[in-house]
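1. have a look at this fold, sequence not included:
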């Protein structure tokens, strides 16, 4: 039997990716789509202004879009995927949870709240048990689970591999982030063409805080954040998709490039439908990974790395992930698969 799924904010860039991923999914069936009040009542085809590089799925194109309220959606839902703007999601997502819905959200609100699981299934699946704490503290029957920021999720799997074998003391990262990370209307062509923007508002703080929560330990009551020092500088560049990052790591234990590569290549994936066979692929070529060449590896769900070299305190490497697949919609779907597997739906 299919898991009945709704999508909040279904007409936006990440919402469209969610529809693209969920429509052919063997475990989920789309049964509700929501958007703003101005789009409610229209068919999804009319409301979405479809911009994904594959045709709009025929079996959802004529579905009627509803308002984004618990009262407007069907009661026949097992899970809701949210791609709402954080300012909207801050109030709307808890309202759905209070109404009994389980929400897997890509929105940035509540990611670092003490009782909200922030989860990458291949890295910290045990954090999902924070749902029991959340339900006790908030008194709702639903649940709210978050995936991290698209830049955070690019570096965390490689960092998790390093942490497991050698420990993390300090992480410094400089990002080269694609324009799709800002949404369709986020960066004007006049601003980004022949240019690079050396600041993305709020992005550094997200990377610095979310990574420490993801790499922390859940003790049954709360997540003890990892104590590594994390510093980020985030830059927007004129690529369409794929966030490339330069990462410097000071490790607790002495290591070398070969050991780091082995740790990354052998770091396990998860037994979920959307998890890639190889969570981290490491290139021998120091000029890889590159966004245009490597962002869609294993349907855009693999994190690629390269340029691994020793430093005085540890290692430096480059890593890349598709920001709207592994870093957004695909991450939410993975969390939905984990919720289903662990019996939370």
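-> Looks like it came in fine. If you're wondering where the values come from, they're calculated on a predicted model, not measured in any experiment. Numbering: from 1, shown residues only.
2. which parts of stretch 208-222 are buried?
-> Of the residues in stretch 208-222, 208, 209, 210, 211, 212, 213, 214, 215, 216, 218 count as buried by neighbour count, 16 or more other CB atoms under 10 Å. C-beta: built from backbone N, CA, C; applies to glycine.
3. so how far is residue 331 from the third one?
-> Going from residue 210 to residue 331 by CB to CB, to the nearest Å gives 12 Å.
4. can you list residues touching both of the two?
-> Applying CB atoms under 8 Å, 6 or more residues apart in numbering, one finds that residue 210 and residue 331 are jointly contacted by residue 148.
5. and residue 172, that's in a strand?
-> Yes - counting by DSSP: H, G, I helix; E, B strand; the rest coil, residue 172 is part of a strand.
6. contacting residues for it?
-> The contact partners of residue 172, taken as CB under 8 Å, 6+ apart, are 230, 231, 232, 247, 248, 249.
7. ok, and the closest non-adjacent residue to the last one?
-> This means residue 249. Here the nearest residue to residue 249 in space, its sequence neighbours aside, is residue 314; by CB to CB, 6 or more residues apart in numbering that works out to 4.6 Å.
8. wait, isn't that neighbour in contact with residue 251?
-> Yes - assessed by CB atoms under 8 Å, residue 314 is found in contact with residue 251 at 3.9 Å.
9. what's the overlap in contacts for those two?
-> Contact criterion CB under 8 Å, 6+ apart; residues shared by residue 314 and residue 251: 162, 166, 169.
10. can you turn the buried part of those residues into a ChimeraX selection?
-> Below is the selection syntax for ChimeraX that covers the buried ones among the shared contacts of residue 314 and residue 251, with 16+ other CB under 10 Å defining burial:
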select :162,166
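11. tell me, how many residues neighbour residue 126?
-> 13 (other CB atoms under 10 Å).
12. now do the helices in the chain.
-> Taking DSSP state H, the helices of the chain run over residues 13-22, 44-48, 58-61, 86-98, 130-138, 152-166, 189-192, 203-214, 257-265, 291-294, 297-300, 330-341.
13. now those as a markdown table including mean pLDDT?
-> Rendered in a markdown table, the data for those read as follows (pLDDT from 0 to 100):
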| stretch | mean pLDDT |
| --- | --- |
| helix 13-22 | 97 |
| helix 44-48 | 96 |
| helix 58-61 | 94 |
| helix 86-98 | 96 |
| helix 130-138 | 97 |
| helix 152-166 | 98 |
| helix 189-192 | 95 |
| helix 203-214 | 98 |
| helix 257-265 | 98 |
| helix 291-294 | 98 |
| helix 297-300 | 98 |
| helix 330-341 | 98 |
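14. would a markdown table of those with distance to residue 80 be doable?
-> Shown next, in a markdown table, are these (distance: least, CB to CB, whole Å):
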| stretch | distance to residue 80 |
| --- | --- |
| helix 13-22 | 11 |
| helix 44-48 | 16 |
| helix 58-61 | 15 |
| helix 86-98 | 6 |
| helix 130-138 | 15 |
| helix 152-166 | 21 |
| helix 189-192 | 33 |
| helix 203-214 | 22 |
| helix 257-265 | 34 |
| helix 291-294 | 31 |
| helix 297-300 | 23 |
| helix 330-341 | 9 |
